[in-house]
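K.L.:
Provided below are the primary sequence and the corresponding predicted coordinates.
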Amino acid sequence: MRGERDGSERRDGRDRAYLPGGAVARSRADSRAGVAFCLLLAALVLSLLPAIRAGAAPAPGPTVALSQAEGGTGGEITVSGSGWKPGALLMLLICGQSAPGKGVIGGTNSCANTAGRAATVDARGAFSRKMPVAEPPKPCPCVVHVAGVTGQQDAVDVTFTVAGHPVAPLPEASGDGRLAVLASVRLDGSSGVLVWFGAPAGREVVFTVGNLGQTPVKDPVFQVGTSHGVFSPQYEERQWRGTIRPGGKATIRLPVELTAGAHGDYQVSVRYAGKVLVEQPWGVGRPWGVTLFWVLLAVVVPAALFRIGMAVVDRVRPTRAGPVARPVPAAGHRRLRTPRRAPRPVPAGDDDSTTVLPWFTPDSAPSENSPTTKGHS
C-alpha cells in the first residue's frame with residue numbers, strides 16, 4: 001500500500017510539471033534571468049562610460065613647451081608646441097611685464113621684437129623652433145609669447161625667466177583696456193549704379209587695433225563720423241562684437257555711409273573713449289546721372305508744353321470758310337500760259353479803223369456788216 005502511494009505521488013509530481021502552474025514557474029524563472037542579464041549589462045555600460053566620455057572630449061587647445069625655463073642673454077632655447085592649426089604661421093617673442101593669466105601688458109611694445117622668430121605649423125599641428133634669449137624693454141616677469149599671425153590667431157604665453165634682467169611688479173589694473181591702432185586704415189567697398197543717380201554712398205572702414213591695457217575689452221563701442229570741408233564730423237555709434245584680451249589684437253570693420261547726393265572730398269574719422277583713432281580721406285564722385293536727368297527734363301518739359309498749347313489753340317479757334325480749292329494739275333502736266341499782247345497803235349489817218357465810243361458796248365458798236373442807217377433813205 002505504501003509503495004503504491006509513493007508511486008502515485010511520483011506520477012502526480014510528473015503530471016504537475018505539465019500543468020499550467022508549472023509553466024508559470026518556468027516563466028518566472030526566465031524573467032528573473034532576464035532581469036539579472038539587464039543589470040549586468042547596465043553595470044558594464046556604467047563602467048565603460050568614463051572611457052567613452054574621455055574619448056568624446058574635445059581635443060585640447062594649442063600648447064607650448066620650452067626646453068628650459070630660464071636663460072641668459074646670448075643663450076638659446078627651443079620652443080615647441082602641438083595642437084595648432086596645420087599650416088599656420090606663428091610669431092615667437094620674449095616679452096616683459098607679462099604673465100600667462102594676464103597676457104602681454106602693453107602689447108608687442110613690451111617684447112624683444114628684434115630677437116623674435118617665426119615658425120610654421122606642420123601637418124600634424126606641431127612645431128619646433130630655436131630662438132635666442134634677449135632682454136625685453138620692460139622688466140620681468142617675462143613670458144615666451146607665441147601667437148598666430150595668419151588664420152586662427154590663437155596665443156599662448158609660457159613663463160620664462162631672463163637671467164640678470166630687472167624684475168618689477170605688474171602694474172595695477174586700471175579697469176579699462178586701452179586700444180591703439182597697429183596697422184594702416186583702409187576703406188573697402190565700391191559704389192553701385194544707383195550712386196551715380198544720387199543714392200547714398202557706403203563703405204567699410206577697416207583697421208587693426210591692439211589692447212595695450214591690462215584688462216580685456218569686450219564689445220567695444222566706436223564712434224564713426226564723416227566731415228566735409230571745414231565742418232566738424234557728425235559721429236554715430238557703431239558696436240563691434242568680440243573681446244580683445246590684454247596684448248591681443250583684432251581687425252575692426254565698421255560701416256560708414258554718406259547722405260544722398262553727397263560728392264566731393266570727405267574725411268572718415270573713428271573715435272574710441274574720446275580719442276580719435278584713425279582718419280581716412282574719401283573722395284566721392286559727382287552723381288552725373290542727376291545732372292543728365294535735369295538736362296533731359298529741361299528739354300522735354302518745354303517741348304511737351306508747346307505741343308499741348310498748340311493742341312489747345314487748334315481746338316479753341318473758330319473755323320473759317322476758305323477759298324475754293326482749284327484742282328491741282330496732275331504730275332507731269334505743264335500749264336501753258338497765253339502771252340498777253342500789247343494793243344497795236346492805231347495810225348491817226350486810218351479811216352478803216354473802228355473807234356469804240358465809251359457809251360457803246362462791244363456788241364452794240366457799229367461795224368462794217370451792220371452799218372447805221374442814220375441819214376440814209
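P.N.:
Ah, there it is.
K.L.:
So W288 versus R253, what's the distance?
P.N.:
Shown here: W288 relative to R253, a distance of 30 Å by CB to CB, to the nearest Å. For every residue, glycine as well, the C-beta is placed using N, CA and C.
K.L.:
which residues in this structure form helices?
P.N.:
Assigned by DSSP state H, the chain shows helices spanning 2-17, 20-56, 193-196, 288-316.
K.L.:
Now L254: closest residue in space that isn't a chain neighbour?
P.N.:
R238 (4.5 Å; CB to CB, 6 or more residues apart in numbering).
K.L.:
What score does the one you found have for pLDDT?
P.N.:
We note a pLDDT of 87 for R238 in this prediction.
K.L.:
That one bridge partners, please.
P.N.:
Here R238 shows beta-bridge partners F222, assigned using DSSP bridges.
K.L.:
so what's it up against?
P.N.:
By CB atoms under 8 Å, 6 or more residues apart in numbering, the contact list for R238 reads 221-224, 254-255.
K.L.:
Least reliable of the helices of the chain by average pLDDT, please.
P.N.:
Of all the helices of the chain, helix 2-17 has the smallest average pLDDT, which comes to a mean of 48.
K.L.:
Show me the shaky parts of the stretch 201-350 of the chain.
P.N.:
In the predicted model, the stretch 201-350 of the chain carries pLDDT under 70 at residues 319-350.
K.L.:
Okay, strands next: where are they in it?
P.N.:
Counting by DSSP state E, counting those that start in this stretch, one finds strands in the stretch 201-350 of the chain at the ranges 202-211, 217-218, 221-228, 234-239, 243-244, 249-257, 264-272, 275-284.
K.L.:
okay, the angle between the last one and strand 221-228?
P.N.:
When you say that, I think you mean strand 275-284. Here strand 275-284 runs at an angle of 40 degrees relative to strand 221-228 (axes from the mean of the first three to the mean of the last three CA atoms, to 10 degrees).
K.L.:
again with the first one
P.N.:
For strand 202-211 against strand 221-228, the angle between stretch directions is 130 degrees (the same axes, to 10 degrees).
K.L.:
likewise the fourth one?
P.N.:
Interaxial angle, strand 234-239 versus strand 221-228 (the same axes, to 10 degrees): 150 degrees.
K.L.:
Next, the contact list for E204, please.
P.N.:
Contacts of E204 were listed using CB under 8 Å, 6+ apart, and they are 187-189, 253-256.
K.L.:
and with 10 Å instead?
P.N.:
For E204, the contact set (CB atoms under 10 Å, 6 or more residues apart in numbering) comprises 186-189, 252-256.
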